[in-house]
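Trainee: Need the 3D shape of this:
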Amino acid sequence: MQAFTHLRALAAPIEGRNVDTDQIIPARFLKKNRDQFYKNYLFHDLRFDEHEAPRPEFILNHPLFSGAQILVADENFGCGSSREGAVYCLSDFGIRAILAPSFGDIFFNNCLKNGLLPLRLEAKSVDQVRQALLSSTGTNLSEREISIDLTTCTIQAPGLDGQQTFTMDPFWHECLLKGVDELALTLSYANEIAHFEQHHRRAHPWLNT
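Mentor: Next comes the predicted model:
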């Protein structure tokens, strides 16, 4: 998966608490293969009407937020069922990071396993960013951009006063920076593991009998 170090990108505000995985990808699409069309299932019933025409009121259909790579959501984003397809369609759509006060636990971990950054910030800060994005109507792209530096765990965003820091689990921090999952990260230490085992056997020869 793609390493995540620094991202400066257009952000789109997603309204509503408890946006569940069935809204992110309706269950009827889970039997579909993950191919070039998978991104079309993201927020399908919110993005499109019964005739498959884009709903102009949905934020990702708005010209000002076309091509957004960051979502700014509300509390408990990604709750509901454990379907990993919710993360697949977000990633295939081009989403690299999601800001929210809280996430569904399984969805949060599925994001990390697939190189998508789920970033927890205080509810007040997230609301300030979301409101700043919603009030942006001009052609100045910087009014709708968020900058995330994962190497320093800092973020700059509309509505926030200067640069803010955030925290995340050190293990997943390393995985995202290297663009690997937990298995690949473990395998990257194969030489160190082998060296430890050799030293351990020499220091404790009775273990070999």
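
Trainee: would you list every one of the helices in the chain?
Mentor: Listed in chain order, the helices of the chain (DSSP state H) span 21-24, 44-47, 85-93, 105-113, 123-134, 170-178, 182-187, 190-203.

Trainee: Can you tell me which of the ones you listed has the worst average pLDDT?
Mentor: Note on these: helix 182-187 shows the lowest mean pLDDT, a mean of 70.

Trainee: Would you agree Asn208 is in contact with Arg201?
Mentor: Yes - Asn208 lies in contact with Arg201 (C-beta atoms under 8 Å); the separation is 5.8 Å. In short, each C-beta sits where N, CA and C put it, glycine included.

Trainee: Neighbour count: the two, which is higher?
Mentor: The neighbour count for Asn208 versus Arg201, taken as other C-beta atoms under 10 Å, is higher for Arg201 (12 against 7).

Trainee: Is it correct that that one is in contact with His195?
Mentor: No - assessed by C-beta under 8 Å, Arg201 is found out of contact with His195, at 11.1 Å.

Trainee: Domain boundaries for this protein, per the record?
Mentor: Per the record, the chain has its domains at 6-178, 181-209, by automatic domain parsing.

Trainee: Among the ones you listed, show me which one is buried the most.
Mentor: Highest mean neighbour count of the domains of the chain: domain 6-178, a mean of 17 (counted as mean count of other C-beta atoms under 10 Å).

Trainee: now that one, how far from the centre of its chain.
Mentor: 6 Å (C-alpha atoms, centre = their mean, to the nearest Å).

Trainee: And it, end to end?
Mentor: Terminal residues of domain 6-178 are spaced 12 Å apart (C-alpha to C-alpha, to the nearest Å).

Trainee: Please renumber the chain so that the first residue is 48 from this point on.
Mentor: From this message on, residue numbering opens at 48, which makes the last subject domain 53-225.

Trainee: So what's the gap between stretch 223-239 and the chain middle?
Mentor: 20 Å.

Trainee: looking at the helices of the chain, which is closest to Lys79?
Mentor: helix 132-140 (8.4 Å; C-beta to C-beta).

Trainee: could you point out the longest strand in this structure?
Mentor: In the chain, with assignment by DSSP state E, the single longest strand is strand 53-60.

Trainee: what sits against Cys200?
Mentor: Thr212, Phe213, Thr214, Met215, His220 (C-beta atoms under 8 Å, 6 or more residues apart in numbering).

Trainee: Only C-alpha atoms, please: export stretch 129-136 in CSV.
Mentor: Extracted in CSV, the C-alpha atoms of stretch 129-136 (Å, rounded to 0.1, in the frame of the first residue of the first chain):
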residue,chain,number,x,y,z
SER,A,129,-17.3,-4.7,10.0
ARG,A,130,-17.3,-4.7,6.2
GLU,A,131,-13.8,-3.9,4.9
GLY,A,132,-15.4,-2.9,1.6
ALA,A,133,-16.2,0.5,3.3
VAL,A,134,-12.5,1.2,3.4
TYR,A,135,-11.8,-0.2,-0.1
CYS,A,136,-14.3,2.1,-1.8
